[in-house]
Structures are given as C-alpha cells and as structure tokens.
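1. Below are the sequence and a predicted model for it; my questions follow.
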There are 2 protein chains.
Amino acid sequence: MMNIKKVAEFAGVSTATVSRVINSSGPVSEKNRVKVMEAINVLEYRPNTRAREFRMNRSNELITILNDICNPIFAEAIKGMEDVAYENKYHLLIGNTSNNKMREQKYLESLKMGKADGAILITPRIGKKALLELHDRVPIVLMNDYMVDEIIPSVGINDYGASYDMTQYIIKNGHLRIGYIAGNQKVSIAKERKKGFEMALKDNKIPLIDQWVFQAEHTIEGGYQVMKKMMNMADRPTALVCYNDEIAIGVIKCATEEGIKIPEHLSVVGFDNINTSTIISPALTTIHQSAYELGRQAVEMLITLINGEDLKKRRITLDYQLKIRDTVKKLMK
Amino acid sequence: MMNIKKVAEFAGVSTATVSRVINSSGPVSEKNRVKVMEAINVLEYRPNTRAREFRMNRSNELITILNDICNPIFAEAIKGMEDVAYENKYHLLIGNTSNNKMREQKYLESLKMGKADGAILITPRIGKKALLELHDRVPIVLMNDYMVDEIIPSVGINDYGASYDMTQYIIKNGHLRIGYIAGNQKVSIAKERKKGFEMALKDNKIPLIDQWVFQAEHTIEGGYQVMKKMMNMADRPTALVCYNDEIAIGVIKCATEEGIKIPEHLSVVGFDNINTSTIISPALTTIHQSAYELGRQAVEMLITLINGEDLKKRRITLDYQLKIRDTVKKLMK
DNA sequence: TTGTAGGCGTTATCAC
DNA sequence: GTGATAACGCCTACAA
C-alpha cells in the first residue's frame, strides 16, 4: 500500500515535508514542493482518509436522523443539507428510522460514539432529558422541533402562526363550521399547528366541535381514512384544515370518489406545499415553507457549532407563505 | 479521554482481553469478562469508531452517488439501500450531484480515496473507461445503467421490454398515430426505453413520425413544455408515450389547461409509477417498478462484493408491471 | 526550512 | 486464556 513514508522516500524528503505540502500546513521550499508533487503523481499517492480522520479525531461527516426520507418535504430538506455539507467539505450520512424507535436509538448511539461530527435531528422520539444529554456530548441541531427554552439550536417556521393565518383565511371566507385533522401530537410542530387552529377559532368566537377534530397518520392514506369516517356523519363541517398536504390530498381523493365536490361541498386546506399540491385538481390551498432552505440553515448552524463559534441565534425561524389556490369556497352570508 | 487502555487498567487485565470482550474475538474467562464489562459500564467507555475504522481499514460506510435525491423514484431507492445497509451494520452516505459533473467527480475522487467501502452509482456521467478503472479500485454497483458486457455488477429492470410492452398495449387499443417523449439519451435506460418504443412500432409496421419524437427534461416542467410545443402542430398523434411519469404528468397538466381532454383527445402513458400517478385525474397508465427493491438488491450485491464473495449474477433484473389506469383510450377501427 | 519521533486507539500476532 | 507489543498512516511538536 502507498503511504506518506514512501512518497517521502521517493521525493528524498521527510514525511513532515510531504504532509506540509499536502495540507499547506507549513513552509516548504519551492524545490521540495515540486519534488513532492512529482512523487505524488508518479506514485499515484492518495492520503488515507481513515488515518487522517483518526489522527484529527473528526470524520468530516454529518448525519441526519429522520423518519422517512421518502417524504418529499424531508427529501428536500436533505438536499439542502447536502448542498451546504458539500460546500463545506463535509459528507452527509442518512439515518432513516422508518418510525422505528429502536433504530433511532441505534443511530443516536453511533452518533454518541463519534460516528459523525454533528447531527440534524428531525422529529426525534427521544425525551427532553436524553436530548439535552446528547446535546452536551455532540453538536446537534433540531429541525421541525424545538425546545421552548431554546437550549438546543433549531430551525423551523412559526407553525402556530401559519396555522392560525390559514384558519383565519377560511373564516374570512365565511366558514363557521370548521373541522381539523391533526397530526401526531407527540411531534411538536403538530401540536403547534393544532394550537394555531384552535386559537383562531377562539379569537373569532367560533365553536370548536369535538367530533370534527380527527387525528391521522401523516399520509395520503391517513387523510383518506378520516374522510371515509366522516362520510358516515350526518352533520359535517363546511371546511377542513389538515395537518399537512398528504392528509389533505387523501381527503380530496376520498371526497371525489364519494361524489363530494371540492370546494363546492367541502373546503380543504393543507400545509407544506408539496409538489403534488399543484398537480391535483382542484389545486390545493396550503402553506408554503422551504424545506430546502430549512435544511441549508440547519447545516450552517451545525457547522458553526462544530467550529466552536458562537451562534447568532439559537433558533432560526424562516418565513412561510399562504398559497391560495382552489380548494376553499367563499361562502355567502 | 476514555480509551481501551484505561478500561484494561481499571479491570486489571490487558487491552487485548478488553478487545476480545468487546468484539467476541477470542477466548476470555467468564471472570475476566465480567470484570471488563463492569469497567466498561463504570467508566462509560465507548470504543473509538475512528480508531477502529483506521485499524480495520474499512469505514463500514457505503455511498450512493446520484443526481437528485428529491426524485421520488430515487428517494425510494435510497430507502431500500439504507434499510439493507442498516441490517448489515453499514452506514449510508449521500452524494447528491445536482446534475453537476464537477461535483460527481469530487464524490468519485473521495470514493477512490477510500471514504466508503463501496458505492451504488445511479446514472453517472463518467465514461466506460473511467468506470472500469473505478471498478478495479473499489466495489461498485450500477443502478439504472449497465454495461452491455456485464463487467460491472448492476441492478435494474428490462426497460427495453417494458417500453415495448407498453407501446404494444397502446397499439392494441387501436392507436396508429403514436408519439414519444424521450429522456436524456446519455442515460442508458432512456436509450433502452426509446428503443423499446421504436421496436414495437416497427414490429407492428406502424410508421415512426419524426416530428412526434421529442426530448425533454425528466421533470413535470419538461413534459409541460413539450405539450405546449405540440399545441402548435396541426397534425397531432392520438397517443404519447413518455420516458417517465413526471413528463407524462406535465403533458396532462398542459393538455388540461389547453382544453385537450385526456384520454378522449389524447392518450398518455408514463413510466415508473410514482405516487402522484394515482392521484392525478385521470389516473396515469404506467409501468410499475420497485425502486425500493432495486435499492435493496443493489446494496445486497455491494456487500457481497465487499465481503469478497462471489456474485451469483452480475446483473439483477427485477420484474415490472403494466399498470393500466385511465389515460389510454380504446380507439374504434 | 527541514527532519525526527511520538502518539492517536485499536486490533491481532505471538509467545507464554 | 492471557498479556506485551507491533503495527495501521498520519500529523505535529520540537529540535536542529
């Protein structure tokens, strides 16, 4: 195997000089620099990544631990992460948990063992205590989740506000009978979105009807099932706010099959603005957020942390946008 | 910093014994085993991943280099890869190139430097020569691409056959005026699919009309643009075979906007069976392939290679299925 | 500007 | 069953 020693011999210098040439880490005479470069070329020498990582005690790798890489919003976030990682000469590891707690634990464990220099955690299942302990050991940034006291750095949008605004928009369109399909309430953004919905109703003195508040898996199928159930109800809302676009799309799919016209018979809104939202018909009214940008910012924060620099903010909140399309009907008074 | 030496001291044994306990790599008396385990617990010792990787000269990491992680078909493939990697105690690195040649080169370079123990390459831009050279240095498996001589291991489906079958299906429905929207002809599966289309026409003695053969980006926008262009044509085909679902969806989107009814005025078919295909209306007739399974098999092959075992086959071809839905009209003779 | 040499934490060989 | 110890390849004081 080729190594720095052989290169040094070949070039007639010491390993220290070769190392200095490779890393531009110290003074080297032009003459020696050339000799070393030649030796490297002739011998086709490539520094051993693993020896380096070992010696420097850093892997130049980041890991993101998340539930489902196939969720388009996460896939986009990963793209953002990867772009910034690449720009900073980091590599990105994927820790896909498939919603499996055991698997998440394994990834967190290998993170603790120093597999990566830092991590982006998306909706982890671990408790606050364990999270804080992890935070003590290795740089982490939370995405789509945050600790109220902002101890652990995080990125996200104002989910509460966005949901509030969306509900407000529906109310302005004359709706008084509004239902909600919530996400998993263990996920903090799901809680926030639900709170935003509830608060908007409250501020407008519109009653919250318990039977019209559902919970669903964060998938098209999840929304489909809820709508199916709702078909059996004699008294239905005129509008339905959904935790995310997938759920909303499931609702629309089921409604269409059942002959319920959207938005004539039922208004539906989503959250996230995934690609499909513009493709279904009618096009879905939803909240746009840039998962890509969220991913970028998360890694930028993370690298700052790894470098031991100070964070300007421990919480980065990006903007969102109401995307008004065709799934909300304006009701006459 | 905690290390194996301190554990050994604490337990009153040698580092060799500690190592043997940790890795079950040799005989250890029960008494010593217990002492070592205790020491590990008390001292909260975790083996240093990087030292290990260095010593063993393997990273236990695989990398997949691909153009766009956000493409649902690739995201699914990655999920499959990650699952198998996880099952085999490997970690998966993502090398997203964003269609950037330079970036691809960088990833290939770090692969050569031993960053990962092996790689899954999806539609790389590198030539055959460079690919073979890479193949000599490090285990690789190709996905969605293959060398006709099967030197380099690969996974995929029979794209030629699938495209042929789909075209045949359209012909059986009475269509004689059939157009094609091709993908990037540098991508081998795009070539195969086009060939399948052409051969089906030929075998049925149906003329291939040059103006009806287009090329598009592999995106919704790409398909949209082609359809836009086709609107200006006086003489249009009655059916359009598309390289993939995204393109087909773009076509449908544009057609709908332009008042062209699908499939009444124009039949359209896709390829891949992405999620959205069942959501748009009308639901898209397409070819189903399991990208997830492709990803799984690719990594299984790769790990076999890394272990130095023999491959049963150098090319794995998975099945595909014609998904007949609502975008092809049966024409009366 | 250059070279010597120690050490990072682990595994694995070899002798006991 | 066990322990000393030599690698693995690199970087970086430190000395020259």
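-> Cool, got the structure.

2. Show me what residue of the stretch 201-333 of chain A gets nearest to chain B.
-> Residue of the stretch 201-333 of chain A nearest chain B, by C-beta to the nearest C-beta: residue A:276 (5.1 Å). In short, each C-beta sits where N, CA and C put it, glycine included.

3. Can you check my assumption that that residue lies in a strand?
-> No. When DSSP: H, G, I helix; E, B strand; the rest coil is applied, residue A:276 is found to be helix, with no strand at that position.

4. Touching, it and residue A:249? I think so.
-> Yes. Taking C-beta atoms under 8 Å as the definition, residue A:276 is a contact partner of residue A:249 at 6.2 Å.

5. Any figure for the gap between residue A:72 and residue A:277?
-> According to C-beta to C-beta, to the nearest Å, residue A:72 and residue A:277 sit 10 Å apart.

6. Looking only at neighbour counts, state which of these two leads.
-> When residue A:72 and residue A:277 are compared for neighbours, residue A:277 comes out ahead with 22 against 19, by other C-beta atoms under 10 Å in any protein chain shown.

7. What ranges does the stretch 151-300 of chain A have for its strands?
-> Ranges of strands within the stretch 151-300 of chain A are A:154-157, A:178-182, A:213-215, A:239-242, A:267-269, A:286-288, based on DSSP state E, counting those that start in this stretch.

8. where's residue A:94, which helix or strand?
-> strand A:91-96 (DSSP states H and E).

9. Which SSE is immediately downstream of that strand?
-> According to DSSP H and E, the helix or strand after strand A:91-96 is helix A:101-112.

10. Kindly report the residues of chain A close to DNA strand D.
-> A:1, A:3-5, A:15-16, A:19-20, A:22-23, A:25, A:47-48, A:51-52, A:54-56 (C-beta under 7 Å from any atom of the strand).

11. doesn't residue A:80 fall inside a helix?
-> Yes. Counting by three-state DSSP, residue A:80 is located in a helix.

12. in the stretch 151-300 of chain A, which ranges drop under the pLDDT threshold?
-> Scanning the stretch 151-300 of chain A for pLDDT under 70 picks out no residues.

13. ok, now how distant is residue A:148 from chain B?
-> Taking C-beta to the nearest C-beta, to the nearest Å as the measure, residue A:148 and chain B are separated by 29 Å.

14. Please name the spatially closest residue to the closest residue to DNA strand D within the stretch 51-200 of chain A (chain neighbours excluded).
-> Using C-beta to the nearest atom of the strand, the closest approach of the stretch 51-200 of chain A to DNA strand D is made by residue A:51 at 3.5 Å. Distances taken as C-beta to C-beta, 6 or more residues apart in numbering or on different chains put residue B:54 closest to residue A:51, at 5.6 Å, once the chain neighbours are dropped.

15. burial count for that neighbour?
-> With other C-beta under 10 Å as criterion, residue B:54 counts 19.

16. ok, the strand holding residue A:94: who's next to it in the sheet?
-> Using DSSP bridges, the strands paired with strand A:91-96 are strand A:61-66 (parallel), strand B:91-96 (antiparallel).

17. Residues touching the first one, excluding its own?
-> Under the contact criterion C-beta atoms under 8 Å, 6 or more residues apart in numbering or on different chains, strand A:61-66 has outside partners A:74, A:77-78, A:81, A:85, A:90-97, A:104, A:107-108, A:111, A:115-124, A:299, A:302, B:91, B:93.

18. redo that, cut-off 6 Å
-> A:74, A:81, A:85, A:90-93, A:95, A:107, A:116, A:118-122 (C-beta atoms under 6 Å, 6 or more residues apart in numbering or on different chains).

19. Not counting its neighbours along the chain, what's nearest residue A:326?
-> Distance criterion C-beta to C-beta, 6+ apart; nearest residue to residue A:326, sequence neighbours excluded, is residue A:282 at 3.6 Å.

20. ok, now which ones touch that neighbour?
-> Residue A:282 neighbours (C-beta under 6 Å, 6+ apart): A:262, A:326-327.

21. same check, this time on residue A:268
-> A:240, A:248, A:251-252, A:262, A:327.

22. Show me just the buried residues among the residues you listed.
-> A:240, A:248, A:251-252, A:262, A:327 (16 or more other C-beta atoms under 10 Å in any protein chain shown).

23. nearest to DNA strand D, of these?
-> residue A:248 (52.1 Å).

24. thought the closest one was touching residue A:267?
-> No. With contact defined as C-beta atoms under 6 Å, residue A:248 does not count as touching residue A:267 (10.5 Å).

25. Run a quick neighbour tally on residue A:173.
-> By other C-beta under 10 Å, neighbour count at residue A:173 equals 17.

26. what bridges to the closest residue to residue A:107 other than its chain neighbours?
-> Take residue A:107 and drop its neighbours on the chain: the residue closest to it by C-beta to C-beta, 6+ apart is residue A:95, 3.8 Å away. When bridges are called by DSSP bridges, residue A:95 pairs up with residue A:65.

27. Spit out the contact partners of residue A:95.
-> A:63, A:65, A:107.

28. And the contacts of the helix or strand harbouring the residue nearest to residue A:51?
-> Using DSSP H and E, residue B:54 sits within helix B:49-56. With contact meaning C-beta under 6 Å, 6+ apart, helix B:49-56 is reached by A:50-51, A:53-54, A:113-115, B:59.

29. hmm, stretch A:20-38 touching DNA strand C?
-> Yes. Against DNA strand C, stretch A:20-38 shows contacts by C-beta under 7 Å from any atom of the strand at A:20, A:26-29, A:31-32.

30. Buried residues in that stretch, which are they?
-> A:20-22, A:28, A:32-33, A:35-36.

31. Any residues of chain A in contact with DNA strand C? List them.
-> A:12-17, A:20, A:26-29, A:31-32, A:54-55, A:57.

32. Pull the contacting residues for residue A:250.
-> So residue A:250 contacts A:220, A:223-224 (C-beta under 6 Å, 6+ apart).

33. Against chain B, which of these make the cut? List them.
-> Contacts with chain B within the contacts of residue A:250, counted by C-beta under 6 Å from any C-beta of the partner chain: none were found.

34. how about the nearest residue to residue A:13, chain neighbours excluded?
-> Leaving aside its chain neighbours, residue A:13 sits nearest to residue A:32 (5.4 Å; criterion: C-beta to C-beta, 6+ apart).

35. What does the one you found show for phi and psi?
-> For residue A:32, the backbone dihedrals (degrees, to the nearest 10) come out as phi -70, psi -40.

36. What count of nearby residues applies to the nearest residue to residue A:115 once chain neighbours are set aside?
-> What sits nearest to residue A:115 in space, not counting adjacent residues and going by C-beta to C-beta, 6+ apart, is residue B:49, at 5.3 Å. Residues within reach of residue B:49, counting by other C-beta under 10 Å, total 20.

37. Perfect, I'm done here.
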